[in-house]
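**Q** I would like to see how this sequence folds:
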Amino acid sequence: MFYREAGDFKTSYRDDGQTFPIRLDRWGYYAILAVAFLVVPFVIDSYWANAVLVPFLIYAIAAIGLNILTGYAGQVSLGTGGFMAVGAYAVYKLMTSFPGVPIVVHIVLAGAITAVVGVLFGLPSLRIKGFYLAVATLAAQFFLVWLFNKVPWFYNYSASGQINAPERTILGWAVTGPATTASAKYLICLVFAVVLAWVARNLTRGSVGRKWMAIRDMDIAAEIIGVNPLTAKLSAFAVSSFFVGIAGALLFSVYLGAAEASEAFGINKSFLVLFMIIIGGLGSIFGSFAGAAFLVLLPVLLKNVLVAQFGWPTDLAAHIELMIVGALIVFFLIVEPHGLARLWALTKEKLRLWPFPH
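**A** Numbering: from 1, shown residues only. The predicted structure is shown next:
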């Protein structure tokens, strides 16, 4: 009875077009942000940071980036892992070459470098689409990982071929390196996730997002009504790669601390982010967060239940995880293609009408 629009009057176009039109939704959003910024940093420990919250926030950023390209612009991509590697190696080179520059600037510049690389590999989308574009981005995935493994300049001629994040601080707090606290890792990832989600939401509901969706729905009709497919597709690749590059930079510098291209950014990473947006919901910012949360929490849940409680082997729990993810992908593609985001929207619609049937 409390989830109603009655009495929530709109007196301007700005109010009518807001992201959360219902007052209770806005209160819930502000409450989640307040808890995330004011409560969680003081109670978080290393287990919750490393196993759940930090990877969730990083993968949510990557999922938002891929959702912009695939869910909103309709351009299939299987090269997410490669573009995350570009962000990781770019932030590594920036951190080692310019140690006096703040780490936040390095991460943003790594995203910009990844955006340029994404535009270069997005050029084939002007002539091909669908399965052929997926193969082209898959080629980008393998080429980028091969490049970072074979050219010693990218890993500063290290004998191990691995990159290691040097220690960097923000306002005196270490955010990279072995001395980083759980709350510092969590806060820097949270700030990037909130800001980028806000940017993505405003991009997708504005004129740029409408051009992306016009290209996605019918590119020929979009071109007839004045949408330039060149700028629309390449801007989608640029923005998507920017988000994915920042996710890769955070994954390496804040979460992993050390990485090797084929191990940390292989083809499995590309499929993992793709599964996140399929399960969470294509064309939805909330779906990116929901899919990331599901696929980060699922292995933790299975490990705690099957391995810790029932004593099953770890490899068996990993195989069961793959079976569950595969079954859920088939289920959502057949039953609800818009994923968890659509199920959540239907739940809210039912709550708005309850206890009335219509």
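
**Q** so where is the chain shaky, pLDDT-wise?
**A** 1-7, 357-358 (pLDDT under 70).

**Q** what do you get if the cut-off is 80, keeping everything else the same?
**A** Scanning the chain with the threshold set as pLDDT under 80 gives 1-23, 306-311, 351-358.

**Q** quick one: the strands in it, in order.
**A** 163-164, 168-170, 173-176, 258-259 (DSSP state E).

**Q** among these, which is the most enclosed?
**A** Among the strands of the chain, strand 163-164 has the highest mean neighbour count (mean count of other CB atoms under 10 Å), at a mean of 22. Backbone N, C-alpha and C define where each C-beta goes, glycine included.

**Q** tell me which of the strands of the chain lies nearest to residue 62.
**A** The closest of the strands of the chain to residue 62 is strand 258-259. By CB to CB, the value is 14.7 Å.

**Q** returning to what we had before: including distance to residue 283, could the strands of the chain go into TSV?
**A** Compiled in TSV, these are given as follows (distance: least, CB to CB, whole Å):
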stretch	distance to residue 283
strand 163-164	35
strand 168-170	34
strand 173-176	33
strand 258-259	31
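
**Q** nearest to residue 125, out of these?
**A** strand 258-259 (28.4 Å).

**Q** that closest one pairs with which strands, and in what direction?
**A** Using DSSP bridges, the strands paired with strand 258-259 in its sheet are strand 163-164 (antiparallel).

**Q** circling back to that earlier point, residue 298: which of the strands of the chain is closest?
**A** strand 258-259 (23.1 Å).

**Q** any idea how far that closest one is from the chain center?
**A** Offset of strand 258-259 from its chain centre (CA atoms, centre = their mean, to the nearest Å): 20 Å.

**Q** and for stretch 17-25?
**A** Worked out by CA atoms, centre = their mean, stretch 17-25 lies 24 Å from the chain centre.

**Q** got it, and stretch 105-124?
**A** Using CA atoms, centre = their mean, the offset of stretch 105-124 from its chain centre is 15 Å.

**Q** who touches that stretch?
**A** With contact meaning CB atoms under 8 Å, 6 or more residues apart in numbering, stretch 105-124 is reached by 75, 79, 83, 86-88, 90-91, 94-95, 98, 132-133, 136-137, 140, 144, 168, 192, 233-234, 236-246, 248-250, 253.

**Q** pull the CA atoms of it into CSV?
**A** The C-alpha coordinates for stretch 105-124 follow below in CSV (Å, rounded to 0.1, in the frame of the first residue of the first chain):
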residue,chain,number,x,y,z
VAL,A,105,44.0,10.6,-13.5
HIS,A,106,45.9,7.5,-14.5
ILE,A,107,42.7,5.4,-14.4
VAL,A,108,40.7,7.9,-16.4
LEU,A,109,43.5,8.3,-19.0
ALA,A,110,43.7,4.5,-19.3
GLY,A,111,39.9,4.5,-20.1
ALA,A,112,40.5,7.2,-22.7
ILE,A,113,43.3,5.1,-24.3
THR,A,114,41.1,2.1,-24.3
ALA,A,115,38.4,4.2,-26.0
VAL,A,116,40.8,5.0,-28.9
VAL,A,117,41.6,1.3,-29.3
GLY,A,118,37.9,0.4,-29.2
VAL,A,119,37.2,2.9,-32.0
LEU,A,120,39.9,1.3,-34.1
PHE,A,121,38.5,-2.2,-33.7
GLY,A,122,34.9,-0.8,-34.1
LEU,A,123,35.6,0.4,-37.6
PRO,A,124,34.5,-3.0,-39.1
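
**Q** in that stretch, what counts as buried?
**A** For stretch 105-124, burial by neighbour count (16 or more other CB atoms under 10 Å) applies to 106-111, 113-115, 117-119, 121-122, 124.

**Q** rewinding a little: ChimeraX command to pick out the buried ones of the contacts of stretch 105-124?
**A** Those of the contacts of stretch 105-124 that count as buried under 16+ other CB under 10 Å are selected in ChimeraX with:
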select :75,79,83,86,87,88,90,91,94,95,133,136,137,140,144,168,192,233,234,236,237,238,239,240,241,242,243,244,245,246,248,249,250,253
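
**Q** follow-up on the earlier one: helices - which of the buried residues of stretch 105-124 land there?
**A** Here DSSP state H is the test, and these give 106-111, 113-115, 117-119, 121-122 as lying in helices.

**Q** what's the closest of the buried residues of stretch 105-124 to residue 307?
**A** For the buried residues of stretch 105-124, the nearest to residue 307 is residue 107 (34.7 Å; CB to CB).

**Q** now do the same contact list for the spatially closest residue to that closest one that is not a sequence neighbour.
**A** Among residues not flanking residue 107 along the chain, residue 249 sits closest, at 4.6 Å (CB to CB, 6 or more residues apart in numbering). Each residue near residue 249 by CB under 8 Å, 6+ apart is listed here: 87-88, 90-91, 106-107, 110-111.

**Q** now render those residues as JSON lines, adding distance to residue 40.
**A** Shown next, in JSON lines, are the contacts of residue 249 (distance: CB to CB, whole Å):
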{"residue": "87", "distance to residue 40": "25"}
{"residue": "88", "distance to residue 40": "26"}
{"residue": "90", "distance to residue 40": "29"}
{"residue": "91", "distance to residue 40": "25"}
{"residue": "106", "distance to residue 40": "25"}
{"residue": "107", "distance to residue 40": "21"}
{"residue": "110", "distance to residue 40": "26"}
{"residue": "111", "distance to residue 40": "25"}
